[in-house]
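Enquirer: next input, structure requested:
(chains A and B)
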Amino acid sequence: MGNFDRLRDLYAERRSFFARTLVALAFCLLLMLLLLWRAFDLQILQHEQLSTRSNDNRMRLVTVPPVRGLIFDRNGVVLAQNSPAYVLELVPEQVEDIEAMLDALSAIVKIDPSDRERFYERRKRTPSYRGVPVRTRLSFEEVARFQVNRHDFPGVDVRAGLTREYPLGKSMSHLVGYVGGVTERDLQQFGEADYRGTTHIGKTGIERQYEELLHGSTGAKIVETNATGRPLRDLDHRPANPGSNLHLTVDARLQLVAKEALKGYEGAIVALDPRNGEVLALVSEPGFEPRHFVDGISHERYRTLNNDPRRPLYNRALAGTYPPGSTIKPVMAMIALEEQVVSPEQRIYCPGHFELPNVTRHYRCWKRRGHGWMDLERAVAESCDVYFYKIAHELGIDRIEKMLGWFSLGQETGIDLPGERAGIAPSRAWKRAVRGQAWYPGETLNIGIGQGVMTMTPLQVALMTARIGTRGGSATPHVLRAIEHVDEGRTIAQAQKPLPDIPIANPEHWSKVHDSMVATMHSPGGTALSVGQDAAYRIAGKTGTSQVAGLSQEDEVAPDTESLPKHLRDHALFMAFAPADDPRIAVAVIVEHGGSGGAVAAPIARQVLDAWLHEGPVEVIAQDTAS
Amino acid sequence: MNPLSAETGRDNRSLGFFARHYLDGPLLALIVMLLSVSLATLYSATGNDGGALWSQLKRLSVGLAVLVVCARIPPDGYRAIAPAIYAGTLLLLVLVLVFGDASKGAQRWLDLGIVRFQPSELMKLAMPMAVAAYLHATGVAPGVRRLPVVLLIIALPAALVGAQPDLGTALMITMSGLIALYLGGLRWRWMLGFAATAMAAIPLLWFNMHDYQRSRVLTFLNPERDPLGAGYHITQSKIAIGSGGALGKGWGEGTQARLDFLPESHTDFIFAAFAEETGLIGAGLLLLLYFALTARCLIIALRGQETFQRLLGGSLGIIFFCYVFINIGMVCGLLPVVGVPLPLMSFGGTSIVSLMAGFGILMSIQTHRKLVPS
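Expert: Here you go, the predicted model:
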């Protein structure tokens, strides 16, 4: 190959290379423009959408739960509070072998199998960088023991938080109620939005009734987080509004006296201020320890409570319905007077039994020998059944029914507590609707002495007493006295809700009924004389005995209560207001299977009346120990 | 020292600082600019991690040292040792398969006691060198007789790397050989034949892929297929780029990268981190820099005095651009996610050395000019 050829080849090669390089460069330019177009597409055309997704990535709405409002009695005694509680927490991402760590921890802090179960349950719902509670409510001793040994437990720490405390425990359990974990149903009722971040919600009692007030409103933070969800900084912040403090009408001292008086029985006491409907005490015995519910009650403990024959979870004061027995008699007397079936002085003979025309059955008086001649005052004071059989028979069920409603029978009182029941005010319509049967005249006689199908709650009995004591006045029973708006620093008293006056033609009739109730307490022969005679003030009261299903009028009347098995004994009832001429308290007492109202229920009521009316020094309230 | 170098016939006294050290000013300027952008982005994407910056700086100085050394070696030297380098690297690749360290399910690393390195990286240089040297020796425009030899030169290392398995690198190595072949005057009809064969090979390739490789391809075709798994990368990357908008979120303000939503934000996906903070303006300027750098490489290649120099220089320039395109294309969601770093931008050690060596060779081509062409 000659030089010329070589040069020509070289030239050709260079030209080919130049062309190919140029093609390649053009191709590169094309690809570069493609990338540029793609960047334009993403950064300009799709910018809005992708920018939103970028913000969604990093911004989290974190709710700030409000501090729950406190609950006080009428004197400022704390009934529910938030106390610091020490929680033992374990951060899963910092602990390699969690099971081994729990084993090691249980050497210094008590960890039940149920604690472990709860721990693993919660761990599933918690990001791994966040602490999961192993144990709540550590004792100071446990905290101290842990702190000394904490170097042995990396990734475990004690955190101070707030938990709900009920200083009076069992004594207030049916009134104040308790909080517990938020459930799906709670959220449906109270709205999911405001409960993000809230762990506890009112379940019963005041805690439930005024949940919205106590809870406050949830604050929110917009937090910037990284890809693992760890919060880095706050971008925006709206503070939570703390829940309102509630001041109740209840007097904790009176409540404790009432509870103490009822100790050992199953029953209920309701004390009202008849003038304004304030609930002064509301006890259902036995109570339960509300704190067990706050962090989730264990299955075993709940089963024990639920299967307890004394039924501690049952709020007898609001939901227990009992035939009012003879405590209905003042109302019956009032109806009879108003309907002019009987005059106060008119006397009726009690031979110990009563018969209806054309009916062979004997309706017995509790006093088998009979009371002899009875006027209205003596009939109430000595609780003569025959007298009331007679006036009930003459009134007839329709006229009785018409007026029972005025005395709170058959309808909820409207108290600001959940779970109230209405009881039964009997009528022809009721019987037809519920039993599908016609009304028998004999049933009217039973209604006359407060037995049979008629039932009332202790709260209704107390309101009935207040209505009588205030001559048809009084107000809707209520527990909330004032709302303290913590953030605004002002306290707003709750308005009373006066009940419509009972339209009585002759107000003198009230005095006659009051006199008869005073005679019950203070006159010889009165069924509660032993309770009333040494009182420093005048009491107007009425004893009652509520028949327990299974014992009928056919049986021997008033069997020796001591000889009967307890669950077949009658319920003892007592109602009273005092002082008789200007009542400041109306009280109803029911002692299940207590037997005689005069012997069992009345002395209990007397203790409550004394505690309220003597106005003794307010004692320091001792913490109710779990007994 | 003899002012007139006998070897190169250069008068060092009349040359500027860069030329005297066998460096190409424009190319070096572009490299330094890109590296500066890289370090700034790296610092921001790692959440102001000075440690990462420092370790990258150390790697860069090693890389720059390699560049300076490589630039000093005259092109003839490369041509002379090209067959040896190729054969040696091939041997190393075999050793990797036999003794290599497994990492992430693939054997890529060779532990030499002092340093661990990937022979496949070396092959990125050895391959175009070998093809260029062969075509230089036997003449350009290979025909039926020489073409199988070239293809064998290309296929052998590609097969070894693919067996590691490192499909991405195998593909890039193949490509660098083919680019050299293309620049070496492969006839257009042959190229069409290759393209047809490649298309036909796709199904074959598919059935020989590992699961993770298939998953990458499927996720590329439909990123929402697995938004929390493999698709997460590409989705977050698109969010990062797109949320940057026209002007970007500002340096140090890229939330996608800094809050770890963008995975691999300082390695393979650094372009997304950069585009998030600097917007379309920044992304456009970066693309321009890369294109300018590619163009400079090709200009050097065009001015190469020998076939070997031209083919090698051209191949290095084009393959550099291929890396850029594949990486940014992948980060933008135009191409499947393959583990290809963005040259000069991504954090990491192994690739920077081979990359800088490549630029060193280009500078050597540019600066070792003979007065009389051979």
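Enquirer: which residues are in contact with residue 283?
Expert: By default, I'm working from chain A. By Cβ atoms under 8 Å, 6 or more residues apart in numbering or on different chains, the residues touching A:Val283 are A:Ser171, A:His174, A:Leu175, A:Gln255, A:Ala258, A:Lys259, A:Leu262, A:Ala268, A:Ile269, A:Val270, A:Ala317. (Glycine included, C-beta is placed from N, CA and C.)
Enquirer: please refer instead to chain B.
Expert: B:Ala283 makes contacts with A:Leu36, A:Ala39, A:Gln43, B:Ile241, B:Gly244, B:Phe271, B:Phe274, B:Ala275, as judged by Cβ under 8 Å, 6+ apart.
Enquirer: now do the SS call for it.
Expert: Put simply, B:Ala283 is helix when judged by DSSP: H, G, I helix; E, B strand; the rest coil.
Enquirer: now do A:Val589
Expert: Under three-state DSSP, A:Val589 falls in the strand class.
Enquirer: list the buried residues for whatever helix or strand B:His136 lives in?
Expert: In this assignment (DSSP states H and E), B:His136 forms part of helix B:119-138. Residues of helix B:119-138 classed as buried by neighbour count (16 or more other Cβ atoms under 10 Å in any protein chain shown): B:119-136.
Enquirer: and the residue lying closest to A:His571 once chain neighbours are set aside, what is it in contact with?
Expert: Nearest residue to A:His571, sequence neighbours excluded (Cβ to Cβ, 6 or more residues apart in numbering or on different chains): A:Ser546, at 3.9 Å. Contact partners of A:Ser546, counting by Cβ under 8 Å, 6+ apart, are A:Tyr322, A:Pro323, A:Pro324, A:Gly325, A:Gly450, A:Gln451, A:Asp570, A:His571, A:Ala572, A:Leu573, A:Ile590.
Enquirer: retrieve the pLDDT associated with A:Ser546.
Expert: Here, the pLDDT recorded for A:Ser546 equals 84.
Enquirer: ok, B:Thr89 next?
Expert: At B:Thr89, the predicted lDDT confidence score is 93.
Enquirer: B:Thr8 now?
Expert: What the model reports for B:Thr8 is a pLDDT of 53.
Enquirer: where does chain A have low pLDDT?
Expert: A:1-2, A:125-127, A:129-130, A:197, A:229, A:549-564, A:615-627 (pLDDT under 70).
Enquirer: would you check how far apart B:Ala45 and B:Met330 are?
Expert: 17 Å (Cβ to Cβ, to the nearest Å).
Enquirer: which one of the two is surrounded by more residues?
Expert: Neighbours of B:Ala45 and B:Met330, each counted by other Cβ atoms under 10 Å in any protein chain shown, are more numerous for B:Ala45; the result is 30 against 25.
Enquirer: who are the contact partners of the more buried one?
Expert: B:Gly254, B:Ala257, B:Arg258, B:Leu262, B:Ser265, B:His266, B:Ile270, B:Ala273.
Enquirer: burial count for the residue of the stretch 201-350 of chain B found nearest chain A?
Expert: Nearest residue of the stretch 201-350 of chain B to chain A: B:Gly242, at 2.8 Å (Cβ to the nearest Cβ). By other Cβ under 10 Å, 28 other residues sit near B:Gly242.
Enquirer: what does A:Tyr11 give?
Expert: 10.
Enquirer: ok, now the one 10 residues further on?
Expert: Close neighbours of A:Thr21, defined as other Cβ under 10 Å, add up to 21.
Enquirer: that one: helix or strand, and which one exactly?
Expert: helix A:3-40.
Enquirer: B:Ala84 too?
Expert: Going by DSSP H and E, B:Ala84 is part of helix B:75-99.
Enquirer: show me the contact partners of that helix.
Expert: Residues from elsewhere that reach helix B:75-99 (Cβ under 8 Å, 6+ apart): B:107-110, B:118-120, B:122-123, B:125-127, B:129-130, B:132-133, B:136, B:153, B:156-157, B:160-161, B:163-164, B:304, B:306, B:308-309, B:312, B:361, B:364-365, B:368.
Enquirer: list the buried residues for that helix?
Expert: Here helix B:75-99 shows B:75-76, B:78-79, B:82-83, B:85-86, B:89-90, B:92-94, B:96 as buried, counting by 16+ other Cβ under 10 Å.
Enquirer: check stretch A:310-321 too.
Expert: A:Arg311, A:Pro312, A:Leu313, A:Tyr314, A:Asn315, A:Arg316, A:Ala317, A:Leu318, A:Ala319, A:Gly320, A:Thr321.
Enquirer: how far out from the middle of the chain is that stretch?
Expert: Centre-to-centre, stretch A:310-321 and its host chain are 11 Å apart (Cα atoms, centre = their mean, to the nearest Å).
Enquirer: could you work out the end-to-end span of it for me?
Expert: 16 Å (Cα to Cα, to the nearest Å).
Enquirer: contacts for it, please.
Expert: Applying Cβ under 8 Å, 6+ apart, the contact partners of stretch A:310-321 are A:174, A:204, A:266-270, A:282-288, A:305-306, A:415, A:417, A:419-421, A:423-424, A:455-459, A:590, A:592.
Enquirer: in strands only, show me these.
Expert: Assigned to strands by DSSP state E, the following of the contacts of stretch A:310-321 qualify: A:Gly267, A:Ala268, A:Ile269, A:Val270, A:Leu282, A:Val283, A:Ser284, A:Glu285, A:Ile590.
Enquirer: what about the fourth one, distance to chain B?
Expert: Right, the one you point to is A:Val270. In this view, A:Val270 and chain B are 60 Å apart by Cβ to the nearest Cβ, to the nearest Å.
Enquirer: bridging residues for that residue?
Expert: Applying DSSP bridges to A:Val270 gives these bridge partners: A:Leu282, A:Ala588.
Enquirer: what is the most widely separated pair among the buried residues of helix B:75-99?
Expert: B:Asp76 and B:Val96 (30.3 Å; Cβ to Cβ).
Enquirer: now the strands for the stretch 501-627 of chain A?
Expert: A:540-546, A:571-578, A:585-591 (DSSP state E, counting those that start in this stretch).
Enquirer: and these as TSV, adding distance to A:Leu31?
Expert: Shown next, in TSV, are the strands of the stretch 501-627 of chain A (distance: least, Cβ to Cβ, whole Å):
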stretch	distance to A:Leu31
strand A:540-546	96
strand A:571-578	95
strand A:585-591	92
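Enquirer: out of those strands, the one nearest A:Arg159 is which?
Expert: That would be strand A:585-591 among the strands of the stretch 501-627 of chain A, by Cβ to Cβ, at 45.9 Å.
Enquirer: flag every residue of the stretch 1-150 of chain B that's near chain A.
Expert: Within the stretch 1-150 of chain B, the positions adjacent to chain A are B:Val140, B:Ala141 by Cβ under 8 Å from any Cβ of the partner chain.
Enquirer: good, we can wrap up now.
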